[in-house]
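# okay, predicted coordinates and the sequence, questions at the end:
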Amino acid sequence: MPDGRRRGLARLAGEVHDLLVIGAGSVGAGIALQAAAAGLRVALVDRADFAAGSSSRSTKLIHGGVRYLERAVTRLDRVEYRLVREALAERAAFFRVAPYLARRIAILTPAYRSWDRAYYGAGLVLYDVLSGGASLGRTRHLDAPAALRAFAGLAPAGLRGGVLYYDGQFDDARMNVLLALTAEAKGAAVLNHAGAIRLLHAGGRVAGAVVADAIGGEEVEVRARSVVNAGGPFADEIRRLDDPAAPELLRVSSGAHLVLRDGLCPPGTGLLIPRTPDGRVVFVLPWQRRTLVGTTDRPAGVAPRPEVAEEDIAYLLGVAGRYLAAPIRRTDVLAAWSGLRPLVRDERRPHTSELARTHVVRESPSGLVSVVGGKWTTFRRIAADALAHLARRERWPAAAWAAEVPILGSEGYSAAMVEEVRRRLELPADVAVHLAESYGARMADVGALAAAGHGGMLAPGHPYLEADVVWAARAEMAATVMDVLARRLRLAFLDRDAARACVGRVAEIMAAELGWTRARVAAEAREAESQLATAI
Ligand SMILES: Cc1cc2nc3c(=O)[nH]c(=O)nc-3n(C[C@H](O)[C@H](O)[C@H](O)COP(=O)(O)OP(=O)(O)OC[C@H]3O[C@@H](n4cnc5c(N)ncnc54)[C@H](O)[C@@H]3O)c2cc1C
């Protein structure tokens, strides 16, 4: 077992923690970071990888949610309204804590009926007003020629104009990995591929968990004064480790996304399709030099790697195809994946698309605190609410649970720094952009690895380097080939065939870094190929 994992397990088992967080998606990693930054002794474990669940499968928008605003206004729904306002405030904080992972995106809402432009315009102006001083740019009404100038690939027939507004966009898996790594840098004991398989109780109170290391096969007891269940769609499973009779808290719905070639969207501008046959919205967004289309909403069962139904692929191609001038076909789909929304049950709302995206903090009689629901955008708010709840119970001294904690690589990051590293290391422009957008100020470290013999490119048409793999294994706790291909880099989410073609090379580099045997290399390659052939 590599030394890093051995140290991680020893730390988990070797002390009594103030807080054990089970599940390291956006919710769990966010709680661990905010708690560690406030000085608590924290343990964070995930039975898969950081972001292996829903948190790598989002639409990647840092947003208040224009659809929720529409519901708030048309139904006078105060909960939805508060959610939008809160998320818009969090959007601004997100840019401050993760400046190199977050970027502004312009989104055009096209109108093909004359009154639609006024309707969307009123809503999107309100959206901008609600963001107050944190606006990312003024919403603008565009006539048809201006709409086509903003988004040249839009189907022109019958176009009456559109409304252009601004939101944020990010790389969800990298943000999640960096939240976990930043928590570790603040003192937390953090381990991936380490699942809670039983909960420990003392005097009727939850007091920790037995954690199984999926890589080395060991089991350790992790003791903690408080335990948080941040299992996302799996939260009910964890609640049943505490109480086998616990009623279901969640309803899960799946959301599929497609990735298509680059060039369907102009750089930095996406499309919001405001009305679909099933009353939803669909986004067509430029993302990581490709085009992202999503999403759907259908009730689903819980699965670690949810499959995408052909029906969903056909639906998304159909909806996007009606609005794009260029034809798109099934063969244009480079990758498709699905994420599960952990939504809080509400018997008054039978359809999952109707359930509010709010989060809840629920405590069981044994003291297990489950934190479920919410949006990626509001991860800090969710963490602060969970920690404030625990602080009242545990009488922790007052702390700034909602402090803005910059993620690793934020300090010292600037356009001038990126340019200086690019020149000094003579990096091609696309590689420099990739390194800057993935590592921030730490791009120089990855660039230095490239200069020191790991400069080979991994996949034609993608700016990824062998140095990325070395860095992932050395500095980002990547422990499997898919940790690298899906979550340290995003190749598996962007282009299945390209990812499949470099499985062998990634396995070799990881073997050299982590001391894998030939048998382990073969097993890793088989597992990665199987996931890439079915569902990631
Ligand atoms: C299709 C879709 C699109 C979305 N788009 C957006 C968007 O554009 N913007 C936005 O703000 N939000 C968006 N969201 C919402 C956001 O992605 C989720 O709310 C968020 O990722 C949920 O994170 P989580 O930590 O609760 O769950 P997860 O990310 O699923 O994390 C739960 C973790 O718990 C781990 N786990 C489970 N059981 C155990 C155990 N026994 N021991 C240890 N670990 C365990 C799992 O391995 C997993 O990693 C979207 C969600 C979906 C599904």
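Cool, got the structure. Residues are numbered from 1 along each chain as shown.
# from Phe50, how far out is the most centrally placed residue in the chain?
Computing the C-alpha centroid of the chain and ranking residues by CA atoms, centre = their mean puts Asp172 first, at 2.9 Å. Asp172 sits 11 Å away from Phe50, taking CB to CB, to the nearest Å as the criterion. (Glycine included, C-beta is placed from N, CA and C.)
# now Ala309
Taking CB to CB, one finds Ala309 at 27 Å from Phe50.
# those two: who's more crowded?
The neighbour count for Ala309 versus Phe50, taken as other CB atoms under 10 Å, is higher for Phe50 (34 against 16).
# can you read off the pLDDT for the nearest residue to Ser56 once chain neighbours are set aside?
Among residues not flanking Ser56 along the chain, Ala173 sits closest, at 3.8 Å (CB to CB, 6 or more residues apart in numbering). You'll see Ala173 listed with a pLDDT of 98.
# tell me the residues of the chain that contact the ligand?
By CB under 6 Å from any ligand atom, the part of the chain that sits against the ligand consists of 22-28, 45-48, 52-55, 57-61, 63, 195-196, 230-234, 238, 255, 295, 339-342, 374-377.
# next SSE after the lowest-mean-pLDDT helix or strand in the chain?
Lowest on mean pLDDT, DSSP states H and E among the helices and strands of the chain sits helix 66-74, with a mean of 76. For helix 66-74, the following helix or strand on the C-terminal side (DSSP states H and E) is helix 78-97.
# phi, psi of the most far-flung residue of the chain relative to its centre?
Centroid-distance maximum for the chain: Gly203 at 37.5 Å, with CA atoms, centre = their mean. Dihedral pair for Gly203: phi 60, psi 40, per degrees, to the nearest 10.
# how close does it sit to Gly367?
Distance of Gly203 to Gly367, given as CB to CB: 10 Å.
# what do you get for Ala399?
20 Å.
# about what we covered before: for the residue nearest to Ser56, which residues are in contact?
Neighbouring residues of Ala173 by CB atoms under 8 Å, 6 or more residues apart in numbering: Phe50, Ala51, Ser55, Ser56, Ala486, Arg487, Arg488, Arg490, Phe493.
# repeat that for 10 Å
Shown in contact with Ala173 (CB atoms under 10 Å, 6 or more residues apart in numbering): 49-52, 55-58, 60, 483, 486-490, 492-493.
# just the ones in helices from those, please.
Judged by DSSP state H, the contacts of Ala173 include Ala492, Phe493 as members of helices.
# where does the stretch 201-350 of the chain have low pLDDT?
In the predicted model of the stretch 201-350 of the chain, residues 347-348, 350 satisfy pLDDT under 70.
# for it, what spans make up the helices?
235-242, 310-323 (DSSP state H, counting those that start in this stretch).
# can you tell me which of these is nearest to Arg140?
helix 310-323 (19.1 Å; CB to CB).
# would you map the strands across the stretch 201-350 of the chain?
For the stretch 201-350 of the chain, the strands defined by DSSP state E, counting those that start in this stretch cover 205-213, 219-229, 250-260, 269-273, 282-287, 290-294, 298-299, 335-344.
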